[in-house]
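Colleague: Just the structure for this:
(2 chains)
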Number of protein chains: 2
Amino acid sequence: MYELYYWPTIQGRGEFVRLAMEEGRAPYVDIARGSGHGTGIAAMMRLLAGADRLERPPFAPPFLKAGRLLIGQTANILQFLGQRHGLAPKSEAGRLWTHQLQLTITDFLVEVHDTHHPVAASLHYEDQKKEARRRAADFLSSRLPKYLGYFENVLAQNPSARYLVGAKLTYADLSMFQVLAGLNYAFPHAMRKAARQFPRLVAHHARIQDRPRIAAYLASPRRIGFNNEGIFRRYPELDARRNAGKSSSRR
Amino acid sequence: MYELYYWPTIQGRGEFVRLAMEEGRAPYVDIARGSGHGTGIAAMMRLLAGADRLERPPFAPPFLKAGRLLIGQTANILQFLGQRHGLAPKSEAGRLWTHQLQLTITDFLVEVHDTHHPVAASLHYEDQKKEARRRAADFLSSRLPKYLGYFENVLAQNPSARYLVGAKLTYADLSMFQVLAGLNYAFPHAMRKAARQFPRLVAHHARIQDRPRIAAYLASPRRIGFNNEGIFRRYPELDARRNAGKSSSRR
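Modeller: Coordinates of the predicted model:
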């Protein structure tokens, strides 16, 4: 039984791990969301408070307990789970390529997060709104099309075309699904416009969403809804250039 | 013979790969810095221009050609080289932990970079100076001590205490060396103050720097100097709170 440690009220980076465990049928306890003895947010905070004394402390959630291993860093956890649960190729070349895609998704996520927190994660959004408007405008006009164009092209270049890597699902597909879901939540206007340019990604998203285990998970209470505490936040003033233009005239 | 593809005038993320190849005695050509036929910046730009047609295109430099493999993402390249050149443990637990540390260094680097580019990498520093001052102040007061404190503690918790992982050098040690070197360049005032709090990291830095192959590399023309085009940049107005205070009164 795996133990996932992550904040209990947001999808955040923990969601990439949850999706892999759900699709891979990996038995797990979502510790901070649990209500039994030794679970709940207090159990996670206890582990974090004592992390300094561990030989291999995690820097931040999510982290995964797997027997005697305590594994941190989302992409690292996924690499580990991928091998064990049939969510990554067996060949070295295939594993490296899957991980490379995951690390590019990691980079993308930082940039998504920083649209609403360009100055400091420790400050409220309200204290960095002006900077957020500038950063989000650049993100939507330049970075979003660059990243989505890259992944669209990866799908186009893959002879199988159904998945990012070869002819079988990997953890990178599940993460890509989550990124698109998050972007659709955070930037509905911008994404509606962008959809025409990224037909393969849109189809890929629907394909992952419709997989029986993923569909069942999304419909279950285990799936936390999007909200304005996570990586993907819906601040209308940051969405689409039309709106950004309006906002800046109101400064 | 490995082929490293990276921008020829900066250390940037390519430097983490260079350090691993130098210490691991991996034969390599630094393609964009070469002067022979098929090398030079034009060779890299040609590969980048045609990347869209590759089945496994890199998103951005650095990337490494290793026989038929083309590997992107710094941490992914290091994981690959680490296995082949004795720069990572052989056990699964050791490999995961080394990679976890590397990915935390990756996160740290993004935050260092964003001190001077909080709004957009595509804009000049001069066009985001005000935002940079806010971001750098938060970085120095909150993020820098958090990251350095984390790695200091990793050294403290490791019974060997000489390296980050167990009793042998890994690629994560080389990357940590580079991070300290860069921080000392970019934030000399802040780092002078911080040094007292992180004695193990300071000693670790000196230990790596003095390794024969690393010392030889640093003294060679293969080592590009720090400059204000890379991740670590010396903008005095972003360094140390004393200076940040002065700057903000001049706004």
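Colleague: what secondary structure does residue A:71 sit in?
Modeller: The three-state label given to residue A:71 by DSSP: H, G, I helix; E, B strand; the rest coil is strand.
Colleague: Secondary structure of residue A:218: a strand, I assume?
Modeller: No: in this structure, residue A:218 is helix, not part of a strand, as judged by three-state DSSP.
Colleague: I'd guessed it sits against residue A:209; true?
Modeller: Yes: using C-beta atoms under 8 Å, residue A:218 is in contact with residue A:209, at 7.0 Å. Heads up, the C-betas are built off the backbone N, CA and C, glycines and all.
Colleague: Looking at the two, which is more packed in?
Modeller: The neighbour count for residue A:218 versus residue A:209, taken as other C-beta atoms under 10 Å in any protein chain shown, is higher for residue A:218 (16 against 13).
Colleague: contacting residues for that one?
Modeller: Applying C-beta atoms under 8 Å, 6 or more residues apart in numbering or on different chains to residue A:218 gives the contacts residue A:209.
Colleague: switch the cut-off to 10 Å
Modeller: A:19, A:22, A:177, A:181, A:209, A:210, A:211 (C-beta atoms under 10 Å, 6 or more residues apart in numbering or on different chains).
Colleague: Identify the contacts common to residue A:218 and residue A:209.
Modeller: Residues touching both residue A:218 and residue A:209 (C-beta under 10 Å, 6+ apart): A:177, A:181.
Colleague: related to what we said a few turns ago, are any of the contacts of residue A:218 buried, and if so which?
Modeller: Among the contacts of residue A:218, those classed as buried by 16 or more other C-beta atoms under 10 Å in any protein chain shown are A:19, A:22, A:177, A:181, A:211.
Colleague: so what does the helix or strand where the first one lies touch, helix or strand wise?
Modeller: Using DSSP states H and E, residue A:19 maps to helix A:14-23. With contacts defined as 3 or more C-beta pairs under 10 Å, 6 or more residues apart in numbering or on different chains; DSSP states H and E, the secondary structure elements packing on helix A:14-23 are strand A:2-5, strand A:28-30, strand A:63-66, helix A:74-84, helix A:92-116, helix A:171-186, helix A:212-219.
Colleague: buried set for the longest one?
Modeller: Read it as helix A:92-116. A:94-106, A:108-109, A:111-116.
Colleague: sorry, back to before: tabulate the contacts of residue A:218 in CSV, adding columns for distance to residue A:231 and pLDDT.
Modeller: Shown next, in CSV, are those (distance: C-beta to C-beta, whole Å; pLDDT from 0 to 100):
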residue, distance to residue A:231, pLDDT
A:19, 14, 98
A:22, 19, 98
A:177, 14, 98
A:181, 11, 98
A:209, 19, 98
A:210, 24, 98
A:211, 23, 98
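Colleague: Apart from its chain neighbours, what residue comes closest to residue A:41?
Modeller: residue A:32 (4.8 Å; C-beta to C-beta, 6 or more residues apart in numbering or on different chains).
Colleague: I'd say that neighbour and residue A:38 touch.
Modeller: No: applying C-beta atoms under 10 Å as the test, residue A:32 and residue A:38 come out as separate, 11.6 Å apart.
Colleague: Those two: who's more crowded?
Modeller: Neighbour count, other C-beta under 10 Å: between residue A:32 and residue A:38, residue A:32 has more, with 22 against 11.
Colleague: Contacts only, for that one.
Modeller: Residue A:32 touches A:4-9, A:14, A:39-45, A:47, A:61-62, counting by C-beta under 10 Å, 6+ apart.
Colleague: Name only those of those residues that count as buried.
Modeller: The buried subset of the contacts of residue A:32 - by 16+ other C-beta under 10 Å - is A:4-8, A:14, A:39-40, A:43-44, A:47, A:61-62.
Colleague: To be precise, which single item in those residues has the lowest pLDDT?
Modeller: Of all those, residue A:47 has the smallest pLDDT value, namely 90.
Colleague: Wait, a helix at that one?
Modeller: Yes: the assignment for residue A:47 is a helix, going by three-state DSSP.
Colleague: Could I get the contacting residues of it?
Modeller: A:3, A:5, A:31, A:32, A:54, A:57, A:58, A:61, A:63, A:65, A:70.
Colleague: Mind doing that once more with 8 Å?
Modeller: Per C-beta under 8 Å, 6+ apart, neighbours of residue A:47: residue A:5.
Colleague: how about low-confidence regions in the stretch 151-251 of chain A?
Modeller: A:241-251 (pLDDT under 70).
Colleague: nearest residue to the closest residue to chain B within it other than its sequence neighbours?
Modeller: Closest to chain B within the stretch 151-251 of chain A is residue A:157: 5.0 Å, counting by C-beta to the nearest C-beta. Nearest non-adjacent residue to residue A:157, counting by C-beta to C-beta, 6+ apart: residue B:55, 5.0 Å away.
Colleague: picking that back up, the buried residues of helix A:92-116: which ones sit near chain B?
Modeller: Here is what survives when these are matched to chain B using C-beta under 8 Å from any C-beta of the partner chain: A:96, A:97, A:99, A:100, A:103, A:104, A:106, A:114.
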